[in-house]
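Novice: for reference, the sequence and a predicted model appear below.
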Amino acid sequence: MGHGMRTGRALGDREQTVAAFVARALGCEATRVVRVDAFATNAVYAVDADGRRCVVKASRLHEAVRAEAWACVRGADAGCAAPAILGRGRLGTDDRMSAFIMRRVVGGPIVAGHPAFREVGVGLRRVHAVRLPGFGWLAEAAWDERGDFALRHSSWLGFLQGICGDARRLADRYVVAAPVAEAAAAALDAHADALAAVEVGSLCHGDLKAAHILVDADRLAGVIDGGDAVVGDPLWDIARFAHCADEGGGLLAARGVRSCAGAGRRARVARAVVRSAVEARRRARGAPSGASRRGVARGDDGLPGAAGWLSGVRSVDRADRA
């Protein structure tokens, strides 16, 4: 298939822009450009160029692109199976979108009991050993010309309280948002001492789930989609994975988290609050709610599901105090 073709059709304007970006970044022509996913603020393209299979991720959120590319590079340097970043810059001449290009990771989502969980755990431990000042989403950091950044929150508890605020701001459109936010805030208050024990933030993937952990036969192929990378409590990654799968405990064991005072409480609160975080960020980016489209298939019911998690946290807390 020659340059300028997409599965037998001429490239559209956006695909031509992506092809030009690839040419600048790699110094070779793209022989295939296909959009594979798109939301309100970003789009993802599968690209073949000079025998290499790549992915281009483009977004109007310039700092989010910068943050995800940085997280992939830092994660790979730490020993995690993050995709290799091959280039980053403005997508076209109008400066409306930024993009990065990375090697495509070929594989399928990890499943329960897969032997690669051990490798995933080792990689997580290495990434979590990357300590950074401040707390919060990398995509919301303030970057300077040298490539250094400052995060929005000075404490882990402050970051979690910010998530509750995000959920409250959804209340005018989604009735369930307000009670979920209030219940989450109450959980934070009840466990503030344990959360305050997280004095230094670790680099976390932030959106760890089976669809983002790809395997090829018995080996780990890669961990993808670091757009929600966060600096915070390493248990956040475990909680994020656990709310989408039943392998949270197995990943926790593979990760090698040491038992310490308050760790169980931190994990339970994170597992509850992460539901509000996922839904608030999904809606803020113009993506479908967890209760629609693919969310239904995986049992992710968005903000109503968050209420269920919070109820479970309160039940466990009462049992612990009994």
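Specialist: Nice, I can see it.

Novice: show me the helices in the stretch 101-250 of the chain, by range?
Specialist: Listed in chain order, the helices of the stretch 101-250 of the chain (DSSP state H, counting those that start in this stretch) span 117-128, 156-168, 177-190, 192-196, 235-242, 248-255.

Novice: could I get these as CSV with mean pLDDT and distance to A78?
Specialist: Glycine gets a C-beta too; all of them are placed from N, C-alpha and C. As requested, these are arranged in CSV below (pLDDT from 0 to 100; distance: least, C-beta to C-beta, whole Å):
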stretch, mean pLDDT, distance to A78
helix 117-128, 92, 5
helix 156-168, 87, 20
helix 177-190, 80, 29
helix 192-196, 89, 25
helix 235-242, 84, 13
helix 248-255, 56, 14
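
Novice: between those, which gets nearest to A267?
Specialist: Closest of the helices of the stretch 101-250 of the chain to A267 is helix 235-242, at 4.7 Å (criterion: C-beta to C-beta).

Novice: which parts of the closest one are buried?
Specialist: 235-242 (16 or more other C-beta atoms under 10 Å).

Novice: what's the closest of those to A263?
Specialist: L235 (7.0 Å).

Novice: from P83, how far off is that closest one?
Specialist: Using C-beta to C-beta, to the nearest Å, we find L235 at a distance of 25 Å from P83.

Novice: same question, A150
Specialist: Distance from A150 to P83, by C-beta to C-beta: 26 Å.

Novice: again with S59
Specialist: 16 Å.

Novice: cool, K57 as well?
Specialist: Distance from K57 to P83, by C-beta to C-beta: 10 Å.

Novice: common neighbours of the two, please.
Specialist: M102 (C-beta atoms under 8 Å, 6 or more residues apart in numbering).

Novice: neighbour count winner among these two?
Specialist: P83 (24 against 21; other C-beta atoms under 10 Å).

Novice: show the contacting residues for the more buried one.
Specialist: Taking C-beta under 8 Å, 6+ apart as the test, what P83 contacts is 55, 72, 76, 102-105, 222, 224.

Novice: between the residues you listed, which is closest to A181?
Specialist: Once C-beta to C-beta is applied, the member of these that ends up nearest A181 is I224, at 30.2 Å.

Novice: hey, where'd the strands end up in the stretch 51-200 of the chain?
Specialist: Assigned by DSSP state E, counting those that start in this stretch, the strands in the stretch 51-200 of the chain fall at 52-59, 85-90, 98-103, 108-109, 131-132, 136-137, 142-143, 149-150.

Novice: rounded mean pLDDT for the first one, please.
Specialist: Looking back up the chat, that one is strand 52-59. Per-residue pLDDT values over strand 52-59 give a mean of 96.

Novice: got the contact list for stretch 145-160?
Specialist: Residues from elsewhere that reach stretch 145-160, judged by C-beta under 8 Å, 6+ apart: 67, 70, 132-138, 140-143, 162, 184, 188, 192, 195-196, 198, 201, 230-233, 269, 273.

Novice: just the buried subset of those residues, please.
Specialist: Using 16+ other C-beta under 10 Å, the buried ones in the contacts of stretch 145-160 are 67, 70, 132, 134-138, 140-141, 162, 184, 188, 195, 198, 201, 230-233, 269, 273.
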